[in-house]
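Peer 1: Pasting a predicted model and its sequence here:
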Amino acid sequence: MSLLNLPGYEAKIREKEGKREIFDRLRRCYVALTPEEWVRQHFVNMLIEYKGYPATLTANEVPITLNGMMRRCDTVVYDKNLRPIAIVEYKAPTVKIDEKVFAQIARYNLVLKVNFLIVSNGLQHFCCKMDYEKNSYSFLREIPAYDVVAGNWAQ
């Protein structure tokens, strides 16, 4: 798998029936090792180990219903009251982060109404803080620590 602009970690990888799998610490099972999954596992590791996100308040592949159709958010982060506070969308390193990617996560946010939207392809990472009063958003310079994300629920 490719090198990423994320801290390294010792991923648990195995081969099963000729296919490579990686252990997802949040779902507690092995999943297919795709380029997007490689990004997800590194990014989740960074959130937990370097940004203080509690693993117990972070979930992968969260189902939502959008316009009557089932969709899955790549990662959702919750506050201590189990309210969603951030959505993370991952792409493979070869996928350019563009308006389509932001449109996808914005659609998911119509359902969850979180304060932070995060997008990463493992090489580039973007984080927007939503301002619902002004009907706008602002890009942050870096991915905030959990205490910042959790502390902004009421704003």
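Peer 2: That came in fine, so what should we check first?
Peer 1: what residues are up against the residue nearest the centre of the chain?
Peer 2: Nearest to the geometric centre of the chain sits V88, at 2.5 Å (CA atoms, centre = their mean). For V88, the contact set (CB atoms under 8 Å, 6 or more residues apart in numbering) comprises 43, 47, 73-77, 118-120. Backbone N, C-alpha and C define where each C-beta goes, glycine included.
Peer 1: Counting neighbours, which of the residues you listed comes out on top?
Peer 2: Per-residue neighbour counts (other CB atoms under 10 Å) across the contacts of V88 peak at S120, which has 27 neighbours.
Peer 1: That one bridge partners, please.
Peer 2: In this entry, S120 is beta-bridged to Y90, H125, by DSSP bridges.
Peer 1: got the contact list for it?
Peer 2: Counting by CB under 8 Å, 6+ apart, S120 touches 6, 39, 43, 88-91, 97, 126.
Peer 1: Low-confidence bits of the protein, can you list those?
Peer 2: For the chain, the stretches with pLDDT under 70 are 152-155.
Peer 1: Mind jotting down where the strands sit in it?
Peer 2: Secondary structure of the chain (DSSP state E): strands at 13-16, 19-24, 29-32, 58-66, 69-78, 84-90, 116-120, 125-131, 136-139.
Peer 1: I'd like those as CSV, with distance to K51 appended.
Peer 2: CSV is the format used below for the strands of the chain (distance: least, CB to CB, whole Å):
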stretch, distance to K51
strand 13-16, 24
strand 19-24, 18
strand 29-32, 22
strand 58-66, 10
strand 69-78, 10
strand 84-90, 11
strand 116-120, 11
strand 125-131, 11
strand 136-139, 17
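Peer 1: And L47, how far from T58?
Peer 2: 7 Å (CB to CB, to the nearest Å).
Peer 1: Check Y146 too.
Peer 2: Taken as CB to CB, the span from Y146 to T58 is 9 Å.
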